[in-house]
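Colleague: Build the 3D model from these lines:
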Amino acid sequence: MPGSVANATPSLVLPDSLSTAFSEQRVFAFRSNEYRGGEAQRMALVATSRRTFSQSKRLTPADLLTLRTFRDTVRHTAFYFYHCKEGVYDATGVLTAGRYTVRFEGGWQQTSYIPRTEAQVTLVETA
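Modeller: Okay, here's the model as predicted:
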């Protein structure tokens, strides 16, 4: 069908050593109309929320290098991410429990402390 976009077909999995470095947020997309009298009208645009995962801990130099190398490898393509709280890690990406199809969002920013570094990285669920 013309104009259709194919679903993401990831083949890589975020390394296990980095899976514990992210916290989860959920966002519902909605449309909002605000009126002069202070009333508001809201309508949900989606049936389910979209998950985003933000880095929540400082990384060792080795983990930072692993994250940077992985990010440079996948760039704008989708990959699998196992949320450590929901399942068991599977390096092959076959196990579906706790697995999300995500992509990196935004640029690379980091703040270095001694001996660890924070990288402001966000993963966005794609499917």
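
Colleague: Helices of the chain, residue ranges please.
Modeller: Ranges of helices within the chain are 16-19, 61-74, based on DSSP state H.

Colleague: Please identify the buried residues of the shortest one?
Modeller: Along helix 16-19, these residues count as buried under the neighbour rule (16 or more other CB atoms under 10 Å): 18-19. In short, each C-beta sits where N, CA and C put it, glycine included.

Colleague: Can you pull out the low-pLDDT segments for the chain?
Modeller: 1-5, 86-87, 127 (pLDDT under 70).

Colleague: Phi and psi next, for the residue lying farthest from the centre of it.
Modeller: Within the chain, G37 marks the point farthest from the mean C-alpha position, 38.6 Å out by CA atoms, centre = their mean. With angles defined as degrees, to the nearest 10, G37 sits at phi -80, psi 0.

Colleague: how about the strands of this structure, start to end?
Modeller: For the chain, strands defined by DSSP state E occupy the ranges 22-27, 30-34, 40-44, 50-55, 79-82, 99-105, 110-112, 117-119, 122-125.

Colleague: need these in TSV with distance to L67 and mean neighbour count, can you?
Modeller: Below are the strands of the chain laid out as TSV (distance: least, CB to CB, whole Å; neighbours: other CB atoms under 10 Å):
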stretch	distance to L67	mean neighbour count
strand 22-27	11	14
strand 30-34	32	9
strand 40-44	34	10
strand 50-55	8	17
strand 79-82	12	22
strand 99-105	10	19
strand 110-112	10	12
strand 117-119	6	17
strand 122-125	11	18
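
Colleague: among those strands, which is nearest L12?
Modeller: Smallest distance to L12 across the strands of the chain (CB to CB): 4.5 Å, for strand 79-82.

Colleague: now the closest one, how far from the chain's geometric center?
Modeller: When C-alpha coordinates are averaged (CA atoms, centre = their mean, to the nearest Å), strand 79-82 and its chain have centres 9 Å apart.

Colleague: what's the answer for stretch 36-56, then?
Modeller: 17 Å.
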